[in-house]
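**Student:** Provided below for reference: sequence and predicted model.
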Amino acid sequence: MANHITFIGAGNMASAIIGGLIDSGFSPSSITATSPDDAMLAPVRERLGIHTDTDNNAAVSQADVVVLAVKPQIMRQVCEAMRDSVQHQKPLIISIAAGLDADTIDAWLGGGNALVRCMPNTPSLVGYGASGLFANARVSAEQRDVATELMEAVGIVEWVEDEALLEAVTAVSGSAPAYFFLMFEAMEEAGVKLGLPAATARRLAIQTALGAATMAKQSDKDPATLKQNVMSPGGTTERAIAHLEEANLRGTMEEAMQACAKRAQEMAKELSTNN
Ligand SMILES: NC(=O)C1=CN([C@@H]2O[C@H](COP(=O)(O)OP(=O)(O)OC[C@H]3O[C@@H](n4cnc5c(N)ncnc54)[C@H](OP(=O)(O)O)[C@@H]3O)[C@@H](O)[C@H]2O)C=CC1
Ligand SMILES: O=C(O)[C@@H]1CCC=N1
C-alpha cells in the first residue's frame, strides 16, 4: 500500500473514497486532502482526522500517490499549477475525472508520468464502490497493485486494457448510483399514491434493493432466473414486469447509458481542446 496519499480536491467523490479507506483500516495520518478554501476543509479534517492543505504543491511534495479529484472543467489549470512539484516528486497519479483521457492529463502535468485513470462511484463511502481502472504504459506492476489495493479498500475493481472502455464503465457504474436513487424516488412516490406513508415506502424500497443486489451477487442464478422466480404465473409481479417491458424500460436504459458514454466522449473533446 502507498505510504502517503494526497487527494487534490475534497468534494463528494474524494470524501467517499477517503471515508471508505479509513473504515477499511487505512491510517488517516497517511492521507492529505486539498482545497483552495480552508473553511471547506475544516469539516473534512474534523470528521475524518486526515491532514488538509490549501496548497496543492505542498501536499504533492509529501505523496507517493496523488489522486486528482477536482471537476474535469478545472483539471487543466489545477494540473498545470502543480506541474513542477509533480515532476520533482514523480508520484503515481490517479485521476478520477470523468471524460479526461490519460495522455491529456499527463501532458498538463508535464509528461512522463505513471498515470492510472479510475472511474469510481460514490458507494465507495460505504465499502460498496465499483471502480474501472486503466493504466498508461508508464505504470509499473507494483503501481498497478497499489492502485488496485487502494480502490479495493472501498469496493470492487475491474481493470480495462482499452482506455475507451472507461466510457462504458462510467455508464454502467460511475453514474449508475443515480439511476438507482431515481428508482427509489419513483418507488416511494408510487408507494405514497398507493396509500403508504413516505418513510415506510422508502424503507421497503431500499431494503428490497439491498436484498435483490445481495441475492444477485451471491446466487449462481442469473438475474433473469431470479426475476422469473418472483413472477408467479398469472400473479402480481408478472403484471408489473409486463408493464415495464411494454414501457420499454430496457430500451430507455440503453439510451440513457449511450447518452452517458457519449457525454464522456464530448467532455474529453471539449476539455482537451478548449480548456
Ligand atoms: N460524484 C461522483 O459520483 C463521481 C465523480 N467523479 C469525478 O470526480 C471528480 C470530482 O467530482 P465531485 O467530487 O463530484 O466534485 P466536487 O465538486 O464535490 O469536488 C471537487 C472539489 O475540488 C475542490 N477544488 C476546486 N478547486 C480546487 C483546487 N484548485 N485545488 C484543490 N481542490 C479544488 C472543490 O472545492 P470547492 O467546493 O471549494 O470549489 C471541491 O471540493 C470529477 O472529476 C468527477 O468527474 C467520478 C466518478 C463519480
Ligand atoms: O456526473 C458526472 O459527470 C460524474 C462522473 C460519474 C459520476 N458523476
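**Tutor:** Good, I have the coordinates. Ligands and ions are numbered 1, 2, ... in the order given.
**Student:** Just checking: what are the partner strands of the top strand by length along the chain?
**Tutor:** Longest strand in the chain by number of residues (criterion: DSSP state E): strand 129-135. Strand 129-135 sits in its sheet next to strand 115-119 (antiparallel), strand 155-159 (parallel), going by DSSP bridges.
**Student:** Over to residue 139: give its phi and psi.
**Tutor:** phi -80, psi 120 (degrees, to the nearest 10).
**Student:** and it, what pLDDT?
**Tutor:** With respect to pLDDT, residue 139 scores 98.
**Student:** Next: residue 272.
**Tutor:** 78.
**Student:** residues near the nearest residue to it once chain neighbours are set aside, how many?
**Tutor:** Nearest non-adjacent residue to residue 272, counting by Cβ to Cβ, 6 or more residues apart in numbering: residue 104, 4.4 Å away. (Each C-beta comes from the backbone N, C-alpha and C, glycine too.) Residue 104: 20 surrounding residues under other Cβ atoms under 10 Å.
**Student:** State the distance from residue 104 to residue 185.
**Tutor:** 36 Å (Cβ to Cβ, to the nearest Å).
**Student:** Give me every residue in the stretch 1-150 of the chain lying close to ligand 1.
**Tutor:** Proximity of the stretch 1-150 of the chain to ligand 1 (Cβ under 6 Å from any ligand atom) is limited to residues 8-14, 34-37, 40, 56, 69-72, 74, 78, 96-98, 119-122.
**Student:** Give me the subset of the residues you listed that lies in helices.
**Tutor:** 12-14, 40, 56, 72, 74, 78 (DSSP state H).
**Student:** and the residue of the stretch 151-275 of the chain nearest ligand 2?
**Tutor:** residue 174 (3.8 Å; Cβ to the nearest ligand atom).
**Student:** Thought residue 123 was touching that residue, still the case?
**Tutor:** No - in this structure, residue 174 is not within contact of residue 123 by Cβ atoms under 8 Å, at 11.0 Å.
**Student:** Between the two, point out the one with more neighbours.
**Tutor:** residue 174 (25 against 18).
**Student:** and the nearest residue to that one once chain neighbours are set aside, how many neighbours?
**Tutor:** Nearest in space to residue 174, with sequence neighbours left out and distances taken as Cβ to Cβ, 6+ apart, is residue 119 at 4.4 Å. By other Cβ under 10 Å, 28 other residues sit near residue 119.
**Student:** residues contacting residue 119?
**Tutor:** 96, 98, 131-133, 166, 169-170, 173-174 (Cβ atoms under 8 Å, 6 or more residues apart in numbering).
**Student:** I'd like the distance between residue 141 and residue 191.
**Tutor:** For residue 141, the distance to residue 191 - Cβ to Cβ - is 50 Å.
**Student:** sorry, that was for residue 263
**Tutor:** The span separating residue 263 from residue 191 equals 31 Å under the rule Cβ to Cβ.
**Student:** Also residue 59?
**Tutor:** Distance from residue 59 to residue 191, by Cβ to Cβ: 46 Å.
**Student:** likewise residue 90?
**Tutor:** 54 Å.
**Student:** who's more crowded, the two?
**Tutor:** residue 191 (17 against 12).
**Student:** Flag every buried residue along the longest helix anywhere in the chain.
**Tutor:** Criterion DSSP H: the longest helix present in the chain is helix 249-274. Within helix 249-274, the residues scored as buried using 16 or more other Cβ atoms under 10 Å are 257, 260-261, 263-264, 267-268, 271-272.
**Student:** coming back round to it: residues touching the residue nearest to residue 272, list them.
**Tutor:** Contacts of residue 104 by Cβ under 8 Å, 6+ apart are 268, 271-272.
**Student:** near ligand 1, which of those show up?
**Tutor:** Applying Cβ under 6 Å from any ligand atom to the contacts of residue 104, none is adjacent to ligand 1.
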